[in-house]
Structures are given as C-alpha cells and as structure tokens.
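quick one, fold the following:
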Amino acid sequence: MAKSRAQRKAERRAREAEARAKGEQDESQAQHDTQVPKSGDIAEIEAVEAGMAAGASEKDLEMPDTKGLSSKEEKRKQKQADKNQKAEQKKREEQQLTKRKKQATVQRKRGGVIGFLSSCVAELKRVQWPDRDTLLQATAVTVVFVFVAAVYLGVIDLIVNWVVQRIL
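I've put the predicted structure just below:
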C-alpha cells in the first residue's frame with residue numbers, strides 16, 4: 001500500500017530523532033555545515049579590516065591578485081575617460097563647424113561677380129568627374145534618347161498634321 005505524505009514525513013522525523021539520539025548528523029545537517037556562509041570577497045574584506053584594526057597598513061594587506069584598483073573603480077575611471085573623449089570629440093566638431101562658418105562668411109563678403117566666380121571654382125573642385133568609359137556610355141545613352149524622342153515627336157506631329165488637314 002502507498003504511504004501518504006504525512007506518513008513519510010513522520011518516518012523521516014523518527015529517523016532524524018534516532019540519529020540525534022545516537023549523536024549522528026543527518027544528511028541535511030551535514031550539508032548545511034559544509035556550505036560556505038559568505039563569499040570570498042566578503043571574507044577578504046573582513047580579513048583586510050581585521051588586519052587594519054591590528055595596525056597593518058592597507059598596502060601591506062593588499063592581495064597579490066589585486067591590481068591596485070577594484071573593478072568598480074576601473075569601471076568608473078573607464079566611464080570618465082569615455083566621457084572625456086566624447087567631450088573632446090564634440091569640441092573638435094564644434095571648432096570645425098565654426099571654422100567652416102567663418103570660411104563661408106569670408107566668401108560671401110566678396111563682390112558680386114568675383115564672389116560668384118570663386119563659388120563656381122569651389123563647386124567645380126567638389127565635382128566628381130566621370131572616367132572615359134562612363135562618359136562615353138552616358139553620351140551614347142543621351143544621343144539614343146534624343147533620337148528616340150525626336151522620332152516619337154515627329155510621328156506625333158505627322159499624325160496631328162494629317163488630322164488637321166482632313167478637318168480643314
């Protein structure tokens with residue numbers, strides 16, 4: 001016959017009581033005793049504090065695996081360095097922008113014709129000129145398109161001309 005949960009619980013309690021009477025530890029108590037109650041970081045901090053209370057300096061109590069800075073301090077310093085780098089980049093961009101604005105105002109102050117010609121030269125310097133193959137291809141496409149458009153308009157003109165002649 002299957003035992004109920006209450007029966008199994010009562011049997012377990014009876015076994016635990018017998019074990020206590022004999023002076024043996026049950027499995028759960030043995031497991032509890034072997035567990036570490038605190039982490040290594042906490043134990044290290046407590047050891048350093050105990051050493052400092054005994055009069056030792058903090059440098060003498062430093063662990064060999066530590067590199068002088070805690071991870072929080074390293075992260076904070078890294079964040080600060082990133083923040084400074086972004087600020088410097090933004091400052092450089094603002095300086096370049098003001099420089100461009102000054103150059104633009106200098107060009108605008110020139111006279112009408114001279115200002116126009118200087119801006120044309122500046123614009124032509126920015127143009128990306130095509131190579132020979134691209135130039136020939138673009139020219140061929142343009143000539144063919146003009147020829148097709150001329151034929152189309154010529155045919156439309158003949159048709160409209162014929163219709164007008166028939167009406168009149």
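
below-threshold pLDDT in the protein: ranges please.
Regions of the chain meeting the criterion pLDDT under 70 cover residues 1, 24-40, 48, 52-70, 105-110.

could you list the domains of it?
As given by automatic domain parsing, the domain ranges for the chain are 75-127, 140-168.

chain center to the longest helix along the chain: distance?
Ranked by residue count under DSSP state H, the longest helix found in the chain is helix 71-108. Relative to the chain's own centre, helix 71-108 is displaced by 18 Å; criterion: CA atoms, centre = their mean, to the nearest Å.

for it, packing partners?
Helix 71-108 is packed against helix 112-126, with contacts defined by 3 or more CB pairs under 8 Å, 6 or more residues apart in numbering; DSSP states H and E. From N, CA and C alone the C-beta is placed, and that goes for glycine too.

do that again at 6 Å, thanks
Packed against helix 71-108 by the contact rule (3 or more CB pairs under 6 Å, 6 or more residues apart in numbering; DSSP states H and E) you find no helix or strand.

quick one: it to helix 112-126, angle?
If you take axes from the mean of the first three to the mean of the last three CA atoms, to 10 degrees, helix 71-108 sits at 140 degrees to helix 112-126.

before we move on, back to that, tabulate the domains of the chain (JSON lines), appending distance to E44 and mean neighbour count.
Output for those, formatted as JSON lines (distance: least, CB to CB, whole Å; neighbours: other CB atoms under 10 Å):
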{"stretch": "domain 75-127", "distance to E44": "19", "mean neighbour count": "10"}
{"stretch": "domain 140-168", "distance to E44": "77", "mean neighbour count": "9"}
